[in-house]
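S.K.: model the structure of this input:
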Amino acid sequence: MRWSPTSPRTMNKPRWRALAVAVCLLFAIVSPAAPNASAHVRGEQQHSAASVISWNETASAAYATSKFSPPLFAIGMAYVQAAVYNAVVGVEGGFDQYKWHARAQRGTSVDAAVAAAAHDMLVKYATDPVALANVEAAYLAALDAIPDGWSKEAGILFGKRAAAHIVELRTGDGWMDPAIVFSQPAAPGVWRPTVTGASFAAVWAGEMRPFLLRRHDQFRPSGPPSLTSAQYAADVNEVKEIGSATSMTRTADQTLIAHLFGDAANNFPAQLQWAFRDHLTRHPGGVVRAARYFAAADLSAADAVIASWDAKFVYPRWRPISAIQLADTVDNPAIVADPTWQPLIGTPQHPDYLSGHTTVTGAVTRALTRLAGTSRIDLNIPWLDVNPVDKWQHYEWAGPFNVSSIGARSGPASTPAPRTRSATGSARRWVTSERSTTSTRPTDDPTKQPGIDHVQHVGGRFARRAGHANRPYAK
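M.R.: Below is the predicted model:
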């Protein structure tokens, strides 16, 4: 079945065109398939989400121990949550599966199916021996907690089937493909490593086969502003002032959010997993709801990474540190070079354009608002360098979360202290030296999100895809 396009609710007119917003908020909306009228959820009231939440935590720990960078972490979680979703829905019913059609026998243990599906995916994709040992220990503990018998054995077998299907489905998808390399020589405006010996991180991600989109370049934006343009000069000079390690104009709130979203310890996909688990624990709703929630968010995040890395590969714009230190190599008299300039936050080793962080934020928030039918996301984004229970940033609505991540303006800079229950979150993302090339003012009503165009429900599967409500600015 197909849904006709929805009428977009467009953003207020930006100060300048927001390329990152046009892509990250609008390009990939995932809401797991609508309820299957011919199916019913088997025992949803009896089955808690504990096993799904626990295995998400195990997967997050395995990838953290494997030292997965944000792109690897995000895509790795999509593998796990796709298999877990299929296992849960195959046992419980109620929804169409992700590119699969298989049902378990009634009475099959859903917890055993979840454990087997997650375990097998982690054995496939986690890389660190310690991480794999921890996964095995978690698997044995999970199975020991389930009474022996037919139900348990059937659940294990079905979970393994769910994992094997995802592995087969994703074979040859480009994961860690060594054949994909970045070889463009350094030139003014072209990305170059900012750390000796470094290379384009996860360059293969831009060529991966997406989970939900048709192609990795399906929503490729137009390029960034010309190096000689007034727009480029304005962008660089703004970053130079606000994003400097020694900035005298950056507010304390802006610095706080920069560290939240930019510190090396705060791997953003890992932060999101913690926030998702926390949300589902505070809002219990059963095993099917939890599996849908993780799958919708994580498959959206993975495709956001793939789409943004596609843009990074095609438009390898240098990072702000290079743009500022080497400004005298560009024919733009409005920028004065500063060879000693340093950003507040360390520079990631991949091109500046398009911001992966803001693309992921927009895709995830849109997926969650579609899933819940409201833009009230109620997420606590943690600092992972401390005990997350002790320090987190609360976002009640999707809009302020996007504002904080994107670096947009929302009136006077106002970001709450950690653990508050209200967030305006207007600190600039580009203080972390990853320019989102946007300064978009969201709607004043926090219940309303920047709209989407051409949303489709595709073939009864997961995908809802969104086109551009705003056209990118010209080069």
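
S.K.: residue 202 versus residue 61, what's the distance?
M.R.: According to CB to CB, to the nearest Å, residue 61 and residue 202 sit 21 Å apart. Every C-beta, even on glycine, is put in place using the N, C-alpha and C of the backbone.

S.K.: the two: which is more packed in?
M.R.: residue 202 (23 against 18; other CB atoms under 10 Å).

S.K.: now for this protein, the helix or strand with the poorest mean pLDDT.
M.R.: Least confident helix or strand, the chain: strand 453-457 with a mean of 23, by mean pLDDT, DSSP states H and E.

S.K.: what residue in this structure is the furthest from its centre?
M.R.: residue 149 (39.1 Å; CA atoms, centre = their mean).

S.K.: end-to-end on stretch 92-100?
M.R.: From its first residue to its last, stretch 92-100 covers 15 Å (CA to CA, to the nearest Å).

S.K.: avg pLDDT for it?
M.R.: Averaged over stretch 92-100, pLDDT sits at 95.

S.K.: run the chain-centre distance for it.
M.R.: 23 Å (CA atoms, centre = their mean, to the nearest Å).

S.K.: by contact count, what packs against the longest helix anywhere in the chain?
M.R.: Using DSSP state H, we find that the single longest helix of the chain is helix 287-314. When contacts are defined as 3 or more CB pairs under 8 Å, 6 or more residues apart in numbering; DSSP states H and E, helix 287-314 sits against helix 19-24, strand 28-30, helix 50-65, helix 70-92, helix 110-125, helix 268-282, helix 356-372.

S.K.: again, only this time at 7 Å
M.R.: strand 28-30, helix 50-65, helix 70-92, helix 268-282, helix 356-372 (3 or more CB pairs under 7 Å, 6 or more residues apart in numbering; DSSP states H and E).

S.K.: residue 142: which of the ones you listed is closest?
M.R.: Closest to residue 142 of those is helix 50-65 (CB to CB; 6.9 Å).

S.K.: okay, buried residues for that closest one please.
M.R.: For helix 50-65, burial by neighbour count (16 or more other CB atoms under 10 Å) applies to 50-56, 58-65.

S.K.: what helices and strands are in contact with it?
M.R.: Looks like helix 50-65 contacts helix 70-92, helix 110-125, helix 129-144, helix 268-282, helix 287-314 (3+ CB pairs under 7 Å, 6+ apart).

S.K.: contact partners of that helix?
M.R.: Contact partners of helix 50-65, identified using CB atoms under 7 Å, 6 or more residues apart in numbering, comprise 73, 76-77, 80, 84, 88, 111, 114-115, 118, 122, 126, 128, 130-131, 134-135, 138, 142, 270, 273, 277, 280-281, 287, 290-291, 294.

S.K.: now it against helix 268-282, angle please.
M.R.: Here helix 50-65 runs at an angle of 160 degrees relative to helix 268-282 (axes from the mean of the first three to the mean of the last three CA atoms, to 10 degrees).

S.K.: and helix 50-65, how far out from the chain middle?
M.R.: The answer for helix 50-65 is 17 Å, by CA atoms, centre = their mean.

S.K.: any idea of the mean pLDDT in that helix?
M.R.: 98.

S.K.: would you mark the buried spots in the host helix or strand of residue 235?
M.R.: Assigned by DSSP states H and E, residue 235 falls within helix 230-242. Buried residues in helix 230-242, counted by 16+ other CB under 10 Å: 231-236, 238-240, 242.

S.K.: pull the CA atoms of that helix into PDB?
M.R.: What follows is helix 230-242, C-alpha atoms only, in PDB (Å, rounded to 0.1, in the frame of the first residue of the first chain):
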ATOM      1  CA  ALA A 230      30.500  36.200   0.700                       C
ATOM      2  CA  GLN A 231      28.600  33.400   2.200                       C
ATOM      3  CA  TYR A 232      31.700  31.300   2.700                       C
ATOM      4  CA  ALA A 233      33.500  34.300   4.300                       C
ATOM      5  CA  ALA A 234      30.700  34.900   6.700                       C
ATOM      6  CA  ASP A 235      30.600  31.200   7.700                       C
ATOM      7  CA  VAL A 236      34.400  31.000   8.200                       C
ATOM      8  CA  ASN A 237      34.600  34.200  10.200                       C
ATOM      9  CA  GLU A 238      31.700  33.200  12.400                       C
ATOM     10  CA  VAL A 239      33.300  29.900  13.200                       C
ATOM     11  CA  LYS A 240      36.700  31.700  13.700                       C
ATOM     12  CA  GLU A 241      35.100  33.900  16.400                       C
ATOM     13  CA  ILE A 242      32.700  31.600  18.200                       C
END
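
S.K.: could you shift the numbering so residue one becomes 9, and keep it that way?
M.R.: With 9 as the first residue, the last one maps to helix 238-250.

S.K.: can you name every helix or strand that that helix contacts?
M.R.: helix 328-333.

S.K.: contacts for the helix it packs on, please.
M.R.: Counting contacts by CB under 7 Å, 6+ apart, the residues touching helix 328-333 from outside are 200, 202, 244, 247-248, 251, 345-347, 349-351, 355, 360, 441, 443.

S.K.: over to stretch 137-155?
M.R.: If you take CB under 7 Å, 6+ apart as the criterion, stretch 137-155 is touched by 59, 66, 69-70, 73-74, 117, 119-120, 123, 127, 130-131, 134, 160.

S.K.: out of those, which comes closest to residue 214?
M.R.: Distances from residue 214 to these, taken by CB to CB, are shortest for residue 74, at 21.3 Å.

S.K.: which non-adjacent residue is nearest the closest one?
M.R.: Spatial nearest neighbour of residue 74, excluding adjacent residues (CB to CB, 6 or more residues apart in numbering): residue 136 at 4.1 Å.

S.K.: sorry, back to before: between the buried residues of helix 58-73, which is nearest residue 113?
M.R.: Scanning the buried residues of helix 58-73 for proximity to residue 113, where the rule is CB to CB, the winner is residue 59, at 18.7 Å.
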